[in-house]
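Undergrad: A predicted structure for the sequence below; I have some questions about it.
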Amino acid sequence: DIQMTQSPASLSASLGETISIECRASEDIYSNLAWYQQKSGKSPQLLIYAANRLQDGVPSRFSGSGSGTQYSLKISGMQPEDEGDYFCLQGSKFLMYTFGAGTKLELK
Amino acid sequence: EVQLQQSGPEVGRPGSSVKISCKASGYTFTDYVMNWVKQSPGQGLEWIGWIDPEYGSTDYAEKFKKKATLTADTSSSTAYIQLSSLTSEDTATYFCARELPGSAAFAYWGQGTLVTVSS
């Protein structure tokens, strides 16, 4: 099974700050990576798919990059509404999926 | 508009089973597999498995092969997950989720169903 290592586990950012969250796969996942934001008590919301494609309706301050085994989510200019938990999801092999452990993002 | 409407919270006794439903609307139910995801209290997300409603074929993460059973009723566009031999470790919120067309990403999610295992 493909393992996903997500870092950092938690992050505190100031208003307007640019932050990055990383996910590393145990093997090449060929850009089959998505990023999610989850607010407390809510379902996860898709932000980025196919490593770098912005989901409809998601603010352009969110961006994704990476290839092979290394991927990152960047928020360019932290906003109060960006507080929440962030997860990566890989789905590269035979419809078998793995989530990263998550990153808790707070406004400083 | 794609919508996934899940059934309400469940309480199950240790050793018993519970069955959660996920009713799909806004698309052709048999065109997409339905995935299920577990989130334990205060924890991250775990993929449980998927079902192809058209053929009834399924696949599960190794951890859930003896715990979860996925089924689907095409006449009502509803997917189900049954959790058996409940223990306290099964206390969690369970989500159904559908992929974005052409991608390995879950774009559509149910609202989640809380399962509490308690005697």
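TA: Perfect, I can see it now. Because the structure is predicted, anything quoted here is derived from the model rather than measured.
Undergrad: now do the same contact list for the residue in chain B positioned nearest to chain A.
TA: Nearest residue of chain B to chain A, counting by Cβ to the nearest Cβ: B:A104, 3.0 Å away. Any C-beta I mention is one placed from the backbone N, CA and C, and that applies to glycine too. Counting by Cβ atoms under 8 Å, 6 or more residues apart in numbering or on different chains, B:A104 touches A:32, A:34, A:49, A:89-92, A:95, A:97.
Undergrad: try 6 Å this time
TA: Contacts for B:A104 (Cβ atoms under 6 Å, 6 or more residues apart in numbering or on different chains) come out as A:32, A:91.
Undergrad: what is the neighbour count of the closest residue to A:Q6 other than its chain neighbours?
TA: Nearest residue to A:Q6, sequence neighbours excluded (Cβ to Cβ, 6 or more residues apart in numbering or on different chains): A:G100, at 3.1 Å. The number of residues packed near A:G100 is 26, by other Cβ atoms under 10 Å in any protein chain shown.
Undergrad: A:G100 and B:S7, how far apart?
TA: The gap separating A:G100 from B:S7 is 28 Å, by Cβ to Cβ, to the nearest Å.
Undergrad: and chain B, which of its residues are near chain A?
TA: Selection of chain B residues close to chain A by Cβ under 6 Å from any Cβ of the partner chain yields B:44-45, B:47, B:50, B:100, B:103-105, B:107, B:109, B:112.
Undergrad: what pairs with the host helix or strand of B:I48, and is each one parallel or antiparallel?
TA: For B:I48, the enclosing helix or strand under DSSP states H and E is strand B:45-51. Take DSSP bridges as the rule and strand B:45-51 pairs in its sheet with strand B:34-39 (antiparallel), strand B:58-60 (antiparallel).
Undergrad: give me whichever of those is most buried.
TA: With neighbours taken as mean count of other Cβ atoms under 10 Å in any protein chain shown, the strands paired with strand B:45-51 reach their highest mean count in strand B:34-39, at a mean of 24.
Undergrad: what is the mean pLDDT for that strand?
TA: What strand B:34-39 shows for mean pLDDT is 98.
Undergrad: what's the local residue count around the residue of chain A at minimum distance from chain B?
TA: Taking Cβ to the nearest Cβ, chain B has its nearest neighbour within chain A at A:G91, 3.0 Å off. A:G91 sits with 22 neighbouring residues when counted by other Cβ under 10 Å.
Undergrad: distance between the ends of stretch B:13-32?
TA: 33 Å (Cα to Cα, to the nearest Å).
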